[in-house]
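>>> Can you look at this prediction? I've put the sequence above it.
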Amino acid sequence: LPDLNAKIIFMINTGSSTRSAVFRQIEDTEIRRLIEKMPPDEAVWILDDMSDRRLKRVLEQLDPKKAARIRDLQKHDRHSAGRLMTNEFFAFHMNTTIGEVAAFIRDNPGVELTRRIFVLNDEGCLAGYVPGRNLIVNPDFLPLRQVMRPILHKVTPNDSRDEVVDIVERYKIPALPVVDEEDHILGVITYEDVVEAMEDI
């Protein structure tokens, strides 16, 4: 394959047995290079096809922040909402202005999920969301609370993959929040993640 991106796309989209066969042929350093350039939720799927000993070796070579995010997702059952979610997303207090949000997003280009910005209340609980488009069409000085919309659907990390697929398909949700018992946002499941889960199912 011509470059690292092509290799990443292949590894994400190929089957489990092919991935295992490829892993047997390549060095830990090559695996590390692939994993470093992938979102943590994609990396978790791929690392499932690796022995525990090798997984430990590869994670030790990774940037500690990235490794921690991957380990965090691995705690969840393979067929749960927790395993489907990405833990890289944007969430801000409701008094944050659109200008401040836009500047923060610009400074963090590695986080791909920008179609929905999540809004938190004083307790840090999920209060609503702002579609990415609203950051463009509204003036910089407006606080998020003036343009946010209510969250109508959310799941917990232990909800099943089937429940997630049902909600996202039924309501056509581009980014479904995953929350804990106190309503703190833990991650987000994107429509693309759900399409992949449907293929897997």
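Sure, I can see it. Numbering: from 1, shown residues only.

>>> going forward, measure contacts and count neighbours with C-alpha atoms only.
Fine.

>>> Just say helix, strand or coil for Ala6.
The local conformation at Ala6, judged by DSSP: H, G, I helix; E, B strand; the rest coil, is helix.

>>> Check what pLDDT it gets.
Per-residue confidence at Ala6 stands at 95 (pLDDT).

>>> cool, and Gly15?
87.

>>> quick one, helices of the protein?
Using DSSP state H, the helices of the chain run over 4-13, 16-25, 28-36, 40-47, 52-61, 64-74, 81-84, 98-107, 134-137, 161-171, 191-200.

>>> I'd like to know the beta-bridge partner residues of the spatially most central residue of the chain.
Centroid check for the chain by Cα atoms, centre = their mean gives Thr86 as the closest residue, at 1.6 Å. For Thr86, the beta-bridge partners under DSSP bridges are Val188.

>>> weakest of the helices of the chain by average pLDDT?
Among the helices of the chain, helix 191-200 carries the lowest mean pLDDT, at a mean of 84.

>>> tell me which strands and helices that helix is in contact with?
helix 81-84, helix 161-171 (3 or more Cα pairs under 8 Å, 6 or more residues apart in numbering; DSSP states H and E).

>>> Any figure for the gap between Asp159 and Ala197?
Note on Asp159: its distance to Ala197, by Cα to Cα, to the nearest Å, is 14 Å.

>>> no no, Met94
Met94 is 32 Å from Ala197, by Cα to Cα.

>>> quick one: which of these two has more around it?
A side-by-side neighbour count of Met94 and Ala197, using other Cα atoms under 10 Å, places Met94 first with 22 against 16.

>>> which residues does that one contact?
Listed by Cα atoms under 8 Å, 6 or more residues apart in numbering, the contact set of Met94 reads Val119, Leu120, Asn121, Ala127, Pro143, Leu144, Arg145.
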